[in-house]
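Student: Sequence and predicted model, in that order:
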Amino acid sequence: MLMRIAITAPIYITTSQHKKYLDLTTKSINSANHNIVWLPCENYVSPAFKPLVYTFDHEPSKIKVLYPTGQQSVSQAWNKGIEEGSRTGCSYILVINTDIVFKTNAIDRLVDFAENHPEAVIWTMSECADLANLNSCVDDESISEHPLFSCFLVKADFFKYVGKFDENFAPAYFEDNDMHTRLILAGLKAYRYGGARFLHFRSGTVKSESKLIKKNTAPLLRCQLYFIEKWGHPAVNDAQQIREVYYKHPYNEADKPLSYWRHAKNLGVNSRIKDALPLSIKYPLILVLNIKRRSDIMPNIKQSVKYPSILVLNRITKNKLG
């Protein structure tokens, strides 16, 4: 059945290498079965590349450029892209990084898979090892509950389940862990499909610019700490472990639904002071507050939670940024 499929991505372009990755991504967008709508959200484009030109081997049926409001972030761009895809009458929205390349049949196979597996609410592709052999990469019918958020598909009504992506994860990192957490705690499924393949250069945008690696270190640490504050534990990927070690409600506040996240305009004085603290002070403070929350509401698992030191967090950050 012919459908409109939106494809959206946060756009960050400051170097020719960024543009090269973007061109590889857009040129690989292809569907034999559906009409493609391209909805990029231009978080930042250097003046040298404005107006940004998108290059396709298969022209989309429609292009609409989106722009951030206020503080730009990956999560806000994802929210805008999914909302716009829904508004334009698209059945599905494919949310992607701009450092990936699709196998020729990948988009159509992922949509078919989603149609055949409505018990899930997110469907993601699986990775291939190298670009040269991408189109000979073997498709299989494997299904894993470990989604890859560098290329994921949702229906237009996705936000009805556990709300939007939390825009406090700014400019990026852990917004995907946060959404996966909420889906698991809500008893919902997210699938990774072995029959739809793509290549991911992995942090290609960040790694191609040394200044950006240094610039992103502090935000990544800050997002790690926010995740720990929100869910009471460092990020894990296993669904059963998520159910066991995380708070059952955001910030361990029993009256808050899984869709809830704090908006800056609603923060009290104490929260604003805490957020302004240096990371070296903020981290132990968050750990103390988390222990108190657990002892007040979840005393039975208080002793099972182990937090990494700030030195370990720094090491994780360096590894993640490459």
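Tutor: Cool, the structure landed. Residues are numbered from 1 along each chain as shown.
Student: Any idea what Ile13 is bridged to?
Tutor: Counting by DSSP bridges, Ile13 is bridged to Val45.
Student: neighbours of it, just the number please.
Tutor: Using other CB atoms under 10 Å, Ile13 has 21 neighbouring residues. From N, CA and C alone the C-beta is placed, and that goes for glycine too.
Student: longest helix in the protein, by residue count?
Tutor: Looking across the chain with DSSP state H, the single longest helix is helix 210-231.
Student: and it, C-alpha only, in CSV?
Tutor: This file holds the C-alpha atoms of helix 210-231, laid out as CSV (Å, rounded to 0.1, in the frame of the first residue of the first chain):
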residue,chain,number,x,y,z
SER,A,210,38.2,18.3,17.1
LYS,A,211,36.8,21.6,18.6
LEU,A,212,33.3,20.0,18.7
ILE,A,213,34.7,17.0,20.7
LYS,A,214,36.0,19.3,23.4
LYS,A,215,32.9,21.4,23.3
ASN,A,216,30.6,18.4,23.8
THR,A,217,32.4,16.9,26.8
ALA,A,218,30.7,19.1,29.4
PRO,A,219,27.2,18.8,27.9
LEU,A,220,27.6,15.0,27.7
LEU,A,221,28.5,14.9,31.3
ARG,A,222,25.7,17.2,32.2
CYS,A,223,23.2,15.0,30.3
GLN,A,224,24.5,11.9,32.1
LEU,A,225,23.9,13.6,35.5
TYR,A,226,20.4,14.7,34.4
PHE,A,227,19.6,11.1,33.4
ILE,A,228,20.9,9.8,36.8
GLU,A,229,18.8,12.5,38.6
LYS,A,230,15.7,11.6,36.6
TRP,A,231,15.9,7.8,36.8
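Student: Could you check how sure the model is about it, as an average pLDDT?
Tutor: Helix 210-231 comes out with an average pLDDT of 82.
Student: In terms of pLDDT, where does Phe290 sit?
Tutor: If you look again at residue 290, you'll see it is Asn, not Phe. Per-residue pLDDT puts Asn290 at 68.
Student: Show me the strands in the protein, by range?
Tutor: Taking DSSP state E, the strands of the chain run over residues 4-13, 35-45, 62-63, 92-96, 100-102, 120-127, 143-144, 151-155, 189-200.
Student: In CSV: those, plus distance to Gln224 and mean pLDDT.
Tutor: Conversion of the strands of the chain to CSV gives the following (distance: least, CB to CB, whole Å; pLDDT from 0 to 100):
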stretch, distance to Gln224, mean pLDDT
strand 4-13, 20, 98
strand 35-45, 21, 98
strand 62-63, 36, 98
strand 92-96, 22, 98
strand 100-102, 24, 98
strand 120-127, 23, 98
strand 143-144, 25, 96
strand 151-155, 21, 98
strand 189-200, 21, 98
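Student: Distance to Phe169 added to those, as CSV?
Tutor: Below are the strands of the chain laid out as CSV (distance: least, CB to CB, whole Å):
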stretch, distance to Phe169
strand 4-13, 12
strand 35-45, 14
strand 62-63, 27
strand 92-96, 15
strand 100-102, 20
strand 120-127, 17
strand 143-144, 24
strand 151-155, 16
strand 189-200, 18
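Student: pLDDT below threshold where in the stretch 1-150 of the chain?
Tutor: Within the stretch 1-150 of the chain, no range satisfies pLDDT under 70.
Student: sorry, back to before: what is the longest helix of the chain packed up against?
Tutor: Contacts defined by 3 or more CB pairs under 8 Å, 6 or more residues apart in numbering; DSSP states H and E place helix 210-231 against helix 175-185, helix 204-207, helix 279-297, helix 310-321.
Student: 6 Å - rerun?
Tutor: Taking 3 or more CB pairs under 6 Å, 6 or more residues apart in numbering; DSSP states H and E as contact, the helices and strands that helix 210-231 lies on are helix 204-207, helix 279-297, helix 310-321.
Student: ok, back up a step: select, out of the strands of the chain, the one closest to Lys27.
Tutor: Nearest to Lys27, of all the strands of the chain, is strand 100-102, at 8.3 Å by CB to CB.
Student: Who are the packing partners of that closest one?
Tutor: The elements that strand 100-102 packs onto, with contact taken as 3+ CB pairs under 6 Å, 6+ apart, are strand 189-200.
Student: domains in the chain, as residue ranges please.
Tutor: Here the domain assignment for the chain is 4-206, 210-321, based on automatic domain parsing.
Student: any low-confidence regions in the stretch 201-322 of the chain?
Tutor: Across the stretch 201-322 of the chain, residues meeting the criterion (pLDDT under 70) sit at 203-215, 264-283, 285-322.
Student: what do you get if the cut-off is 80, keeping everything else the same?
Tutor: Applying pLDDT under 80 to the stretch 201-322 of the chain flags the ranges 202-216, 263-322.
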